[in-house]
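Peer 1: 3D, please:
(one chain, ligands or ions: 1)
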Amino acid sequence: MNRLKTSLAKIAFKNPVTVASGTFGTEYNNFFDINNLGAVVTKTITKYPKHGNPPPRLVETPSGMINSIGLQNPGLKVFCKDQLPEYTDILDDTPLIISFSGSSTEEFAEIASFLEKQQGIAGYEVNVSCPNVKNEGISFGVDPESVYNVVRLLKKVISPEKELIIKLTPNVTDIAAIAKAAVDGGCDSLALINTLIGMKIDWLSGKPLIGRGFGGLSGPAIMPVALYNVFKVAQAVDVPILAMGGISTYQDVLEFIYAGAHAVAVGTANFMNPMTIIDIVNDLNDHVEENELFIKDLINQVDLSN
Ligand SMILES: Cc1cc2nc3c(=O)[nH]c(=O)nc-3n(C[C@H](O)[C@H](O)[C@H](O)COP(=O)(O)O)c2cc1C
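Peer 2: From the prediction side, this is the model:
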């Protein structure tokens with residue numbers, strides 16, 4: 001009996017734990033069999049290669065870190081030729097979710113059409129945190145109409161058996177309004193949260209410690225914010241949620257499940273110890289076995305009574 005099993009709308013997970021985009025690659029298979037994860041999510045890819053932002057790109061902060069990688073990636077074609085087979089060679093029954101991003105609504109659709117011709121993909125996590133070149137560079141993810149338009153177009157391109165997950169940015173006034181726009185557009189599920197914009201300055205020289213001046217804050221420091229956002233979105237819409245933001249223990253996973261997550265992703269904690277994620281899966285399994293629980297029964301069961 002598998003007490004850990006869960007699912008998004010179309011993807012069955014043997015356990016609720018996957019990896020956060022940009023924090024994981026096939027090299028983790030040198031540490032543990034990555035087929036023990038609920039699913040695998042790739043680093044975001046874009047149509048053309050990206051060299052990323054100027055260094056330094058990472059700085060530690062209290063209980064977290066700020067990154068400004070700038071979506072460095074080899075581009076769609078090289079990814080499909082070189083990296084995708086590395087994933088599909090290793091993965092057996094573990095679903096592979098491809099993260100991608102575009103700089104215009106049409107580009108999102110173009111990338112999806114290309115990916116649709118590839119084998120071994122269970123679904124897509126669409127990163128809408130990037131600038132929209134046709135809307136003065138304003139991020140897609142902060143504008144409900146842009147999100148709606150991207151999702152509507154992607155729905156036409158993506159085959160019905162594949163999961164369409166929209167990954168939301170927390171850098172908005174009302175994340176539930178963006179979530180509703182994505183659901184109205186026809187997404188299958190939502191992923192949240194991406195990083196929170198943050199900054200760190202060298203107090204002596206006055207220089208920012210990130211090359212671009214600022215970046216995305218992640219790690220345990222953001223977990224309470226992520227948890228509230230997941231709770232808020234779970235109250236507002238009726239699609240499965242893949243939650244992330246600061247998870248480093250199995251207890252953190254349970255908090256997110258109670259708040260409304262169907263599955264969770266671990267990101268920054270992978271950098272602290274590459275075995276963290278597999279420890280989380282094992283600890284979670286021990287917990288549900290000892291307490292005779294089923295993860296599915298705990299989803300969205302936060303007890304709000306006094
Ligand atoms: C170094 C680094 C690179 C990231 N790259 C991406 C990315 O390519 N695409 C994306 O959607 N999110 C990216 N993220 C955000 C994570 O997927 C995740 O949403 C966020 O870090 C919160 O989870 P965590 O606190 O467990 O890291 C990145 C985060 C980090 C730390």
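Peer 1: what about the helices in the stretch 151-300 of the chain?
Peer 2: 175-185, 223-236, 250-259, 269-272, 276-290, 295-298 (DSSP state H, counting those that start in this stretch).
Peer 1: Run through who's touching the fifth one.
Peer 2: Meaning helix 276-290. For helix 276-290, the external contacting residues (C-beta atoms under 8 Å, 6 or more residues apart in numbering) are 3-4, 15-17, 19, 31-32, 36-38, 247-250, 253-254, 266, 269-270, 273, 293-295. The C-beta positions use only the backbone N, C-alpha and C, and glycine is treated the same way.
Peer 1: how does it look with 7 Å?
Peer 2: For helix 276-290, contacts defined as C-beta atoms under 7 Å, 6 or more residues apart in numbering pick out 3-4, 15, 17, 19, 32, 36-37, 248-250, 253, 266, 269-270, 294-295.
Peer 1: and residue 252, what does it touch?
Peer 2: Residue 252 makes contact with 223, 246 under the criterion C-beta under 7 Å, 6+ apart.
Peer 1: Recalculate using a threshold of 10 Å.
Peer 2: Residues near residue 252 by C-beta atoms under 10 Å, 6 or more residues apart in numbering: 220, 223, 226, 227, 243, 245, 246, 264, 266, 269, 280.
Peer 1: mind checking pLDDT for the third one?
Peer 2: Per-residue pLDDT puts residue 226 at 98.
Peer 1: With adjacent residues omitted, what lies nearest to it?
Peer 2: Among residues not flanking residue 226 along the chain, residue 245 sits closest, at 2.5 Å (C-beta to C-beta, 6 or more residues apart in numbering).
Peer 1: So what's the residue count around that neighbour?
Peer 2: Number of residues near residue 245 (other C-beta atoms under 10 Å) recorded here: 31.
Peer 1: cool, and residue 53?
Peer 2: Residue 53, neighbours per other C-beta under 10 Å, totals 18.
Peer 1: Okay, it and residue 247: tell me how far apart.
Peer 2: 25 Å (C-beta to C-beta, to the nearest Å).
Peer 1: Can you get me the start-to-end distance on stretch 177-194?
Peer 2: 16 Å (C-alpha to C-alpha, to the nearest Å).
Peer 1: Which residues belonging to it are considered buried?
Peer 2: Across stretch 177-194, burial judged by 16 or more other C-beta atoms under 10 Å covers 178-183, 185, 187-194.
Peer 1: chain center to it, what's the gap?
Peer 2: 13 Å (C-alpha atoms, centre = their mean, to the nearest Å).
Peer 1: coming back round to it: for the ligand, tell me which of the contacts of helix 276-290 show up nearby.
Peer 2: 266, 269 (C-beta under 6 Å from any ligand atom).
Peer 1: hmm, back to that, okay if I get the helices of the stretch 151-300 of the chain as a markdown table plus distance to residue 89?
Peer 2: Below are the helices of the stretch 151-300 of the chain laid out as a markdown table (distance: least, C-beta to C-beta, whole Å):
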| stretch | distance to residue 89 |
| --- | --- |
| helix 175-185 | 32 |
| helix 223-236 | 33 |
| helix 250-259 | 28 |
| helix 269-272 | 21 |
| helix 276-290 | 20 |
| helix 295-298 | 29 |
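Peer 1: how about the residues of the stretch 151-300 of the chain near the ligand?
Peer 2: 167, 194-195, 218-219, 222, 244-247, 266-269.
Peer 1: Inside strands: which ones of those residues?
Peer 2: Among those, the ones falling in strands (DSSP state E) are 167, 218, 244, 266.
Peer 1: and residue 192, what does it touch?
Peer 2: 166-170, 175, 178-179, 226, 229-230, 232-234, 241-245, 261, 265.
Peer 1: Checking the residue of the stretch 1-150 of the chain found nearest the ligand next. Helix, strand or coil?
Peer 2: The stretch 1-150 of the chain approaches the ligand most closely through residue 22 (1.9 Å), counting by C-beta to the nearest ligand atom. Here residue 22 is recorded as coil under DSSP: H, G, I helix; E, B strand; the rest coil.
Peer 1: Cheers, nothing more for now.
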